[in-house]
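*Asks:* Take a look and give me a structure for this.
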Amino acid sequence: MFPIHDLNPTRSRPLLTIALIVANVLVFFAWQPSSGSADEVEFLYERATIACEVTTGDPLSAREVLTGACSSSPDDRPIFPDKIVPLSVVTSMFLHGGLLHLAGNMWFLWIFGNNVEEAFGRARYAALYVAAGVVATLAFVLLNAGSTQPLVGASGAIAGVLGAYLVLYPRRPVLSLVFVAVLPVPAALFLGIWLIGQFAVADGGVAWESHVAGFLFGMLVTAVVREPLARRLATLHGLPRARGG
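*Replies:* Numbering: from 1, shown residues only. Below you'll find the predicted structure:
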């Protein structure tokens, strides 16, 4: 099941969502080396989040990269001693593992981000996006503390946006490609299937832990502030009362 368009019009332009998409695309094509190249591997080790580094607080050494084993030995010299490990948690949100990875993430952000941006307002939407991405990354680190592989992608942050959308608009239809037919699917059903699908790829090299953590974080935050957001939406759309579905 693949989303094509949600039937949920907005009154405001999703400028921040557009800016996030543009930023991700520019980073991929203008800054990140070609996918699969040796330069890209070095680039990702130097700038992406690596669970072992977050756990130990130090950049990886050559031995850790070669063996794939995380170590906190003081005798190991880091390959990139100037790497700022905490900053890599944010940087990773704008790096992607390939064109399909980028395209899929940006498509989901485009479909679901505009409504969440309108509900939250740009400043709070930006805070939600970054916070969800950080929480998603830290959840992956917690469950994969010894990993020496770079973690990249905006998926965790976008999962937070999806979780927020589910709380705000559970009954809004999402036009989706289901096998060979295009059908309207309630957002709650579509996003519920998406969430369950993350567990199905648990052994497929996908950072499902970060997706699930980001999604649940977005749901939790939005559930807490749902009433004021509903009132904001009612005012924006000129409704007599707030509507969440």
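*Asks:* Any idea how many residues pack against the residue nearest to Asp6 when sequence neighbours are not counted?
*Replies:* With sequence-adjacent residues excluded and distances taken as C-beta to C-beta, 6 or more residues apart in numbering, Asp6 is closest to Val174, at 4.6 Å. C-beta coordinates here come from the backbone N, C-alpha and C atoms, glycine included. Using other C-beta atoms under 10 Å, Val174 is surrounded by 24 other residues.
*Asks:* ok, and for the particular helix or strand that has Val174 in it, which residues are buried?
*Replies:* Assigned by DSSP states H and E, Val174 falls within strand 173-178. Within strand 173-178, the residues that count as buried by 16 or more other C-beta atoms under 10 Å are Pro173, Val174, Leu175, Ser176.
*Asks:* Summarise which helices and strands it is packed against.
*Replies:* Judged by 3 or more C-beta pairs under 8 Å, 6 or more residues apart in numbering; DSSP states H and E, the packing partners of strand 173-178 are strand 2-6, strand 181-186, helix 187-200.
*Asks:* Do you know the pLDDT at Val65?
*Replies:* On pLDDT, Val65 comes in at 93.
*Asks:* Packing partners of the helix or strand where it lies?
*Replies:* Assigned by DSSP H and E, Val65 belongs to helix 62-67. With contacts defined as 3+ C-beta pairs under 8 Å, 6+ apart, helix 62-67 has no helix or strand neighbours.
*Asks:* Can I get that helix as PDB, trimmed to CA atoms?
*Replies:* Taking Å, rounded to 0.1, in the frame of the first residue of the first chain, the C-alpha atoms of helix 62-67 are listed here in PDB:
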ATOM      1  CA  ALA A  62      40.200   2.400  12.600                       C
ATOM      2  CA  ARG A  63      40.200  -0.900  14.600                       C
ATOM      3  CA  GLU A  64      36.500  -0.400  15.400                       C
ATOM      4  CA  VAL A  65      35.600   0.200  11.800                       C
ATOM      5  CA  LEU A  66      37.600  -2.800  10.600                       C
ATOM      6  CA  THR A  67      36.400  -5.300  13.300                       C
END
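*Asks:* Let me know the next secondary structure element after that helix.
*Replies:* Following helix 62-67 in sequence, per DSSP H and E, is helix 85-91.
*Asks:* so how far is Leu233 from Glu53?
*Replies:* Note on Glu53: its distance to Leu233, by C-beta to C-beta, to the nearest Å, is 41 Å.
*Asks:* With that, I have no additional questions.
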